[in-house]
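J.: Model the structure of this input:
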Amino acid sequence: MRNKVIKAIFPVAGLGTRFLPATKSIPKEIMSLVDKPLIQYAIDEARAAGIKEFIFVTSRGKGALEDYFDSAPQLEATLRRKGNTELLQTLKQTTMESGEIAYLRQRDALGLGHAVWCARRLIANEPFAVILPDDVIAAEKPCLQQMIEAYAETGGNMVAAMEVPQSDACKYGLLDVKEDLGRLVSVKGMVEKPDPKDAPSNLAVIGRYILTPNILRNLNKKMVGAGGEIQLTDAIATEIEASDNVYGYRFEGTRFDCGSKGGFLKATVAFGLEREDLRDEFSEYLHDLVGAGKAAQ
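T.: Okay, here's the model as predicted:
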């Protein structure tokens, strides 16, 4: 019987420079998508997938992120006094029980692989998930839950995969497919941000992973890859050569790159239109805005 995946790593040490000046004083991960911080979407997805232990790899200046998951006694008391049970329930979803969450510092910005490696002692010898909060995925069944259900059948290592235009190959890690099994593909190689003409496929790795402890042992070698950083994809590629147990999973859902301004704006529109309390007003505004734009032309 395979070990259940109950631990997840959240690499959140980045400076968020693409969102300056907003990120000068607040971590990018608590910027709000409609009325919920990016990190809350990631936490909600992890909880739905059965994750029990949450490991944050942070850096200097991320204190507000840590405070977000703490209790807020004064605010809670005020809401309780006013009888606002709905907002109290909303607040409850943002707090973590003692011992449920851990924070580690990534002292040097050496890449995603290095960030995951920083959590090695808390992972020990168990399978684990990695969630990149910049990738927000709208799905009827949360993406990580889809992957964990597939992992129960395959074991090994699994990465979320999405088809991208060939011209965008240089922005992603790409899968070299051994066998296409529908939702699942078995993988014979991975290439980090290749030149589009050298891309092995159009299946890009998206920010959801289920990994074995062997990946951490591969990261121990601290091999420097693309961009002069320690790449997680390189450690996974090494595991393909050693064990041939890596799979890509074509998830059901829509991924938004909230690490870019354009992606963040697209996600805001999509999630805003999904909200029953906002849909009519927001839709009418967008319709009028588009209409005014066409008239101006």
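
J.: CA atoms for contacts and neighbours, from now on please.
T.: OK.

J.: so where's the stretch 151-297 of the chain shaky on pLDDT?
T.: 223-228, 293-297 (pLDDT under 70).

J.: Which residue ranges of it form strands?
T.: Using DSSP state E, counting those that start in this stretch, the strands of the stretch 151-297 of the chain run over residues 157-163, 173-180, 184-192, 203-211, 246-250, 254-257.

J.: Of these, which stretch is the most buried?
T.: strand 246-250 (a mean of 26; mean count of other C-alpha atoms under 10 Å).

J.: So which elements touch it?
T.: Secondary-structure packing of strand 246-250 (3 or more C-alpha pairs under 8 Å, 6 or more residues apart in numbering; DSSP states H and E): strand 157-163, strand 184-192, helix 232-243.

J.: by how many degrees do the shortest one and helix 232-243 diverge?
T.: Orientation check (axes from the mean of the first three to the mean of the last three C-alpha atoms, to 10 degrees): strand 157-163 against helix 232-243 gives 120 degrees.

J.: Make residue 1 into 2 and carry on from there
T.: I'll keep to 2 as the first residue from here, and by that count the last item is strand 158-164.

J.: which strands and helices sit next to strand 158-164?
T.: Counting by 3+ C-alpha pairs under 8 Å, 6+ apart, strand 158-164 packs on helix 144-155, strand 204-212, strand 247-251.

J.: try 10 Å
T.: strand 129-132, helix 144-155, strand 174-181, strand 185-193, strand 204-212, helix 214-220, helix 233-244, strand 247-251 (3 or more C-alpha pairs under 10 Å, 6 or more residues apart in numbering; DSSP states H and E).

J.: Can you give the strand pairings for the shortest one, parallel or anti for each?
T.: Using DSSP bridges, the strands paired with strand 129-132 are strand 8-12 (parallel), strand 204-212 (antiparallel).

J.: Distance to residue 290 added to those, as CSV?
T.: Shown next, in CSV, are the strands paired with strand 129-132 (distance: least, C-alpha to C-alpha, whole Å):
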stretch, distance to residue 290
strand 8-12, 38
strand 204-212, 33
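
J.: hmm, back to that, of all the strands of the stretch 152-298 of the chain, which one is nearest residue 264?
T.: Proximity to residue 264 (C-alpha to C-alpha) singles out strand 255-258 among the strands of the stretch 152-298 of the chain, at 4.8 Å.
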